[in-house]
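# predicted coordinates and the sequence they were generated for:
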Amino acid sequence: MKKTSKPQQFSDFKFSPAILTAIKQAGYKKPTEVQSTAIPPIMQGRDVLAGAETGSGKTAAFALPLLDKLIYQKREEGEFAAKGNQVRALILVPTRELAIQINDEITAYAKNITPKIRTLSVFGGVKINPQMMALRGGADVLIATPGRLLDLYSQNAIKFNKLQTLVLDEVDRLVGEGFKDEIEEVFKLLPNKRQNLMFTATYPDSIRYLIRRLLKQPVIININPSNDFLIDQRVFTVNREKKTALLAYLLNEFDWKQILVFCSAKKTCDNLVRKLENQGITAVAMHGNKEQRARAKALREFKQGKTRVLIATDVAARGIDIEQLPCVINYELPRSPKDYIHRIGRTGRAGESGFAISLIAHHEYAHFSVIEKHCDIYPSLEREQMEGFEADATAPPPIQRTTAKKKVKKKLSKKKRLRLQEKKEKAKAAEKLAPQKVWTEKEEEGTFKPKTKPASTQKKIVAGSAPRGIRKGQVASISQESKSNSYKNKPEKKSKTGSSSAYKKQGSKPWSKSKSGSSSYKKQDTKPWSAKEAKPTTEKRKEASTSIKKTKKSTPSDNKKKSESTSQSVKPKNASIWGEVLKNKK
């Protein structure tokens, strides 16, 4: 490649007049190093990977040439070429706040362009229907978070047939665990022929596979941080329980116009706001659990200077431009070392100086050393102590809780929720396929007695196969013993004379039906007839009826006697009475 001199003025880029007027209105005088290096290859249509520190003007580096290209494309293809849910340029960002900020900047740059360039920003946390309605007419530039973009595509609200440029801002965050799967799905939906632009502040190892996959003969730009580092970094050691008191002291002692305080947890932000309010300091929290309106309002009022103290998680650490922010305080260290650079990059922007203060307790000493090593901070920063808030030589014992900690249900991720839903649906389907048990009247009344398994289903000892704990030689003897025991256990059948036991079968029901027909549990301790007197059988009843028929024609008086005898034969009280009736008839 031939070395070419970098442009010194924006007019050297041969922008259209509408873009040059927008640059003047924005107050830009000279292009920054990343702008002068990245804009020419972008205008030539090449893939670019640009890395530069925060606040170096990366947004303008890809937004200005992108708008200039769209002007000529709309003139050639026509004003209505991107209608019907079509998108010409797609910008992917990790956070909602960054999407709103980039949308505001591009709309400001495209103010004087005719025909008008339509820009939209879509993100989660708000209703999807208004965004679907806005995309009906298509968009020239769409700024989106990956999750909401996939939701819109699944609703057929967006098409990528005419997409020509893809921009990934804050690539180091987009390739993280939270966005990696979604980014992969988005790439499958896009056309293969397109221009790819990637911008980042750090170069983690995780973006290497993305560079090989997306970029084709890219122009790699790596702007080293300048030696004139305008951010004064300070580190104060303090005991954990005195952190809030030290923060309140710093806010009251120094006359900073605005302060951005970073915490690593959402709950810590809300608790810190309450603690500061108890000490007379007004503050506003901003984190992922807040509604989008509340987050946008908090950031807007902080940018306008209405709010002095903003307490936020790392959602405010990415790409958000706050003019003349004098100080950033790390109340808690970031979990990822690379986020430290993004946090302190909110101050000292556009050539201005700023303060970055970190409050570290004993449990954070080792983690801050890792941050220094990862961010190439050499020599290491001096650990200072504020008078009245000195840290002990050893960590003090933790404060014991007086009340039991409330158990809070963890919010499940989208994937886990879908898995649980699938399991429930499978369980319901299995219940429908399973044979349903038919309940009888006895079961409903509570008199159901479960039946034992039939003998055919019970396990039998077969010769040649020995169950556990039994040797092969013992199988035959055991089977013979089991047969003999089974015969012994069988109930004896009743003889005709009635000398056997009262019950015919083993397992006969120990209850009887009442006159009303409902069953009731009644133990038959006493037998309804004696063992000597046999129960009348059906054969004897038949014989009695035939004998009555064979008798001579009776008189009316005899008929009365017959009715009395038959009434007695229907329900005999015992077998002895029944025998007397038969003798009289004979």
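Yep, it's here.

# okay but residue 165 is in contact with residue 66, surely?
Yes. At 6.2 Å, residue 165 and residue 66 qualify as touching, with contact defined as CB atoms under 8 Å. Backbone N, C-alpha and C define where each C-beta goes, glycine included.

# which one of the two has more residues nearby?
Neighbours were counted for residue 165 and for residue 66 using other CB atoms under 10 Å; residue 66 has more, 25 against 22.

# just confirm the more buried one is within a helix.
Yes. Under DSSP: H, G, I helix; E, B strand; the rest coil, residue 66 falls within a helix.

# ok, it - contacts?
For residue 66, the contacting residues are 42, 89, 141, 165, 167, taking CB atoms under 8 Å, 6 or more residues apart in numbering as the criterion.

# tell me which residues form a beta bridge with the closest residue to the second one other than its chain neighbours?
Same thing as residue 89. Setting aside the residues directly before and after it, residue 89 is nearest to residue 165 in space (CB to CB, 6 or more residues apart in numbering), at 4.3 Å. Beta bridges link residue 165 to residue 89, residue 195, judged by DSSP bridges.

# from residue 87, how far off is residue 165?
10 Å (CB to CB, to the nearest Å).

# ok, now residue 329?
Taking CB to CB as the measure, residue 329 falls 40 Å from residue 87.

# and the closest residue to residue 124 other than its chain neighbours, what pLDDT?
Nearest non-adjacent residue to residue 124, counting by CB to CB, 6+ apart: residue 148, 4.7 Å away. The model reports residue 148 with a pLDDT of 92.

# mind listing what's buried in the helix or strand that contains residue 148?
Here residue 148 sits within helix 146-154, counting by DSSP states H and E. If you call a residue buried by 16 or more other CB atoms under 10 Å, then helix 146-154 has these buried ones: 146-153.

# which elements pack onto that helix?
Applying 3 or more CB pairs under 8 Å, 6 or more residues apart in numbering; DSSP states H and E, one finds that helix 146-154 contacts strand 87-92, strand 119-122, helix 129-134, helix 180-189.

# hmm, residue 92 is touching residue 168, no?
Yes. With contacts counted by CB under 8 Å, residue 92 reaches residue 168, the gap being 5.3 Å.

# between those two, which contacts overlap?
Shared contacts of residue 92 and residue 168, counting by CB under 8 Å, 6+ apart, come down to residue 174.

# before we move on, back to that, using JSON lines, lay out the helices and strands packed on helix 146-154 together with mean pLDDT and mean neighbour count.
What follows is these, written out as JSON lines (pLDDT from 0 to 100; neighbours: other CB atoms under 10 Å):
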{"stretch": "strand 87-92", "mean pLDDT": "93", "mean neighbour count": "24"}
{"stretch": "strand 119-122", "mean pLDDT": "93", "mean neighbour count": "23"}
{"stretch": "helix 129-134", "mean pLDDT": "92", "mean neighbour count": "14"}
{"stretch": "helix 180-189", "mean pLDDT": "88", "mean neighbour count": "14"}
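
# got phi/psi on residue 262?
phi -110, psi 140 (degrees, to the nearest 10).

# now for it: which residues touch it?
When contacts are counted by CB under 8 Å, 6+ apart, residue 262 is found next to 311-314, 316-317, 328-332, 334, 343.

# ok, of those residues, which come out buried?
The neighbour-count test (16+ other CB under 10 Å) applied to the contacts of residue 262 identifies 311-314, 316-317, 328-332, 334, 343 as buried.

# in helices, which of those appear?
The helices, defined by DSSP state H, take in residue 343 from these.

# turn the buried ones among the contacts of residue 262 into JSON lines, columns for pLDDT.
Compiled in JSON lines, the buried ones among the contacts of residue 262 are given as follows (pLDDT from 0 to 100):
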{"residue": "311", "pLDDT": "93"}
{"residue": "312", "pLDDT": "90"}
{"residue": "313", "pLDDT": "90"}
{"residue": "314", "pLDDT": "85"}
{"residue": "316", "pLDDT": "76"}
{"residue": "317", "pLDDT": "75"}
{"residue": "328", "pLDDT": "92"}
{"residue": "329", "pLDDT": "93"}
{"residue": "330", "pLDDT": "94"}
{"residue": "331", "pLDDT": "94"}
{"residue": "332", "pLDDT": "93"}
{"residue": "334", "pLDDT": "90"}
{"residue": "343", "pLDDT": "87"}
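
# relative to residue 349, which of the buried ones among the contacts of residue 262 is nearest.
Taking CB to CB as the measure, residue 349 lies nearest residue 328 of those, at 10.9 Å.

# was I right to think that closest one contacts residue 359?
No. Proximity of residue 328 to residue 359 does not meet the contact threshold set by CB under 8 Å, at 11.8 Å.

# quick revisit: correct me if wrong: the residue nearest to residue 124 contacts residue 120.
No. Between residue 148 and residue 120 there is no contact, the gap being 11.4 Å when judged by CB under 8 Å.
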